[in-house]
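S.K.: model this:
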Amino acid sequence: MEARTAQLDKRRKDLSGNRVLNFVLWRVPVILILVAMLWPAVSAELWTVALAWIGAGCTWNALRCKRVHCSIMGPLFLLLAALSGAATLAWLSVDWNYLGLAALIIVAAAFLPELLGKKYFGSEGSAC
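M.R.: Numbering: from 1, shown residues only. Presented below is the predicted three-dimensional model:
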């Protein structure tokens, strides 16, 4: 019974369940990435902002509810945002195609445990 209560508490704290926060934290930066693909003049800046935005949202959510994919994506997207920002400022050379590929690989790898039934850290089996 205690494990069930812990699962419900994690689900309650999960920001992705809130429609407004879900849109603001994760959908808006995806829209920015799509705009960046269509507007090359500001694509570096938009990628940097979007990656930092998603990374911050995932990190916040991971700290609140221990969501598995957020725990993986949050820090890694913040790292990608730092690399993107450094490239935007010409501090280092980054192939934007590889940066985008890295983001896609991180997303796929982060969601794999959830596809296998592990939604939250610290819960037994399927936490759904």
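
S.K.: now do the helices in this protein.
M.R.: 2-13, 19-22, 28-38, 43-65, 68-88, 96-115 (DSSP state H).

S.K.: remind me which residues of the chain are low pLDDT?
M.R.: Applying pLDDT under 70 to the chain flags the ranges 1-9, 123-128.

S.K.: hang on, the earlier thing: nearest to Phe121, out of the helices of the chain?
M.R.: Smallest distance to Phe121 across the helices of the chain (CB to CB): 6.0 Å, for helix 68-88. Just so you know, the C-beta spots here come from the backbone N, C-alpha and C atoms, and that holds for glycine as well.

S.K.: on that earlier part again, and the helices of the chain as a markdown table, adding mean neighbour count?
M.R.: Converted to a markdown table, the helices of the chain look like this (neighbours: other CB atoms under 10 Å):
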| stretch | mean neighbour count |
| --- | --- |
| helix 2-13 | 13 |
| helix 19-22 | 12 |
| helix 28-38 | 15 |
| helix 43-65 | 20 |
| helix 68-88 | 20 |
| helix 96-115 | 14 |
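
S.K.: columns distance to Gly122 on top of the ones you listed, output as CSV?
M.R.: Output for the helices of the chain, formatted as CSV (distance: least, CB to CB, whole Å):
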stretch, distance to Gly122
helix 2-13, 7
helix 19-22, 22
helix 28-38, 27
helix 43-65, 10
helix 68-88, 10
helix 96-115, 13
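
S.K.: Thr88 contacts Glu45, correct?
M.R.: Yes: the criterion here is CB atoms under 8 Å, and Thr88 meets it with Glu45 at 6.0 Å.

S.K.: let me see the contact set for the nearest residue to Ala109 once chain neighbours are set aside.
M.R.: Closest residue to Ala109 apart from its sequence neighbours, by CB to CB, 6 or more residues apart in numbering: Ile72 at 6.9 Å. By CB atoms under 8 Å, 6 or more residues apart in numbering, the contact set of Ile72 is Ile106, Ala109, Ala110.
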